[in-house]
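Undergrad: compute the structure for the input listed below.
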Amino acid sequence: MTPEERDAPIYSTFSELYSKGFSLDAAICVFVMGIHIAAVALAIWALAFAPSDWAWITGVWALIHFLLGSLSTTLYTHRLITHNAAKKVSLPVHLFFCAFGQILSVQGSVKAWAANHVLHHGVDRHGKKEIDPYSATWFPDPVRNFIWSHTLTHLFNHPESDERRRAHGATRHKVIHWQDKHYNLLTTFWLFLFPMGLGYSFGGWTGFFALLGGSMIGSVLVQQNTWTVNSLAHMWGWTKGLRSSAVNNYVWIFPLGEGNHHGDHHDCPRDYRNGLGRSSWLLDPTRYFILLLSKPRRV
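TA: Below you'll find the model as predicted:
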């Protein structure tokens, strides 16, 4: 299959998806829309009405949430779990990211995220891009491709296939299966109950809304930031990967290194580094966190 054949559109409009077995997930739609509305409303409240010290706390909480959630996706869920970039992941690392860090990414359980990403990379081998949930080449125009790969794909239930069943049925570490089972409870606690309770205990209703605002803003920022890897990193750049539709743009640092050498990543997915060029060393902070977590070798 040539790159042109692989990247040729297979759908004309979004409505065509319904006849192919796709369906909107009402609960996910309400949740995603709800946290986006809450993030905007609470950001306006913090900037215009909250006391200045609590407005700063909202911003700091959102920044910490954003960094932890983004790093948990890039370092743990993506490189260590999906692509097995390390020979062994220790139990404390599994516990930290499954019980806390990865919840802040607000992108589904580690098990589900890894399964979908395996399907995404599988296209590089077999070319069946109709089972790639994040494809940015399904439609004939860039606007539809961006909207689908960046947001809409996360709001739809995708049709079953043998590849999808195998990916979602893959055996993972027992902590990952535990997180998948209790994901909704963990999300409710870390995104809502913990910040609201902590904020109220220190600042009454002002603290309640300030930390809830930080949680909602951070959640939306993590989602929009990491989703650019599915959209922009496959649509915008200077050179394509050797075996995929992903591209190298050499500058996109915000997903903590996942975007700038994305074509290189598709060519060498199991490498703990995201890219092989000079800018990948400068713009890939995730690789340094992986090195920090690794045990020093004995000489």
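
Undergrad: any idea how far residue 125 lies from residue 67?
TA: Per CB to CB, to the nearest Å, residue 125 is found 33 Å from residue 67. Yep, even glycine has a C-beta here, placed from its N, CA and C like the rest.

Undergrad: looking at those two, which is more packed in?
TA: Set residue 125 next to residue 67 and count neighbours by other CB atoms under 10 Å: residue 67 wins out with 16 against 9.

Undergrad: so where's the protein shaky on pLDDT?
TA: 1, 295-299 (pLDDT under 70).

Undergrad: helix or strand right after the lengthiest helix in it?
TA: Longest helix in the chain, counting residues (DSSP state H): helix 194-230. Next helix or strand after helix 194-230 toward the C-terminus (DSSP states H and E): helix 232-235.

Undergrad: what's next to the following helix or strand past that next one, contact-wise?
TA: Going down the chain from helix 232-235, the next helix or strand is strand 239-240, by DSSP H and E. Where contact means CB atoms under 8 Å, 6 or more residues apart in numbering, the residues beyond strand 239-240 that reach it are 3, 246-248, 263.

Undergrad: show me the two of those that sit farthest apart.
TA: Comparing all pairs in these by CB to CB, the longest separation belongs to 3 and 248, at 14.9 Å.

Undergrad: between these two, which one's more packed in?
TA: Neighbours per residue, other CB under 10 Å: of residue 3 and residue 248, the larger number sits with residue 248, 26 against 13.

Undergrad: OK, contacts around that one?
TA: With contact set as CB under 8 Å, 6+ apart, residue 248 has these partners: 237-241, 260-264, 275, 277.

Undergrad: narrow those residues to just the buried residues.
TA: Among the contacts of residue 248, those classed as buried by 16 or more other CB atoms under 10 Å are 237, 240-241, 260-264, 275.
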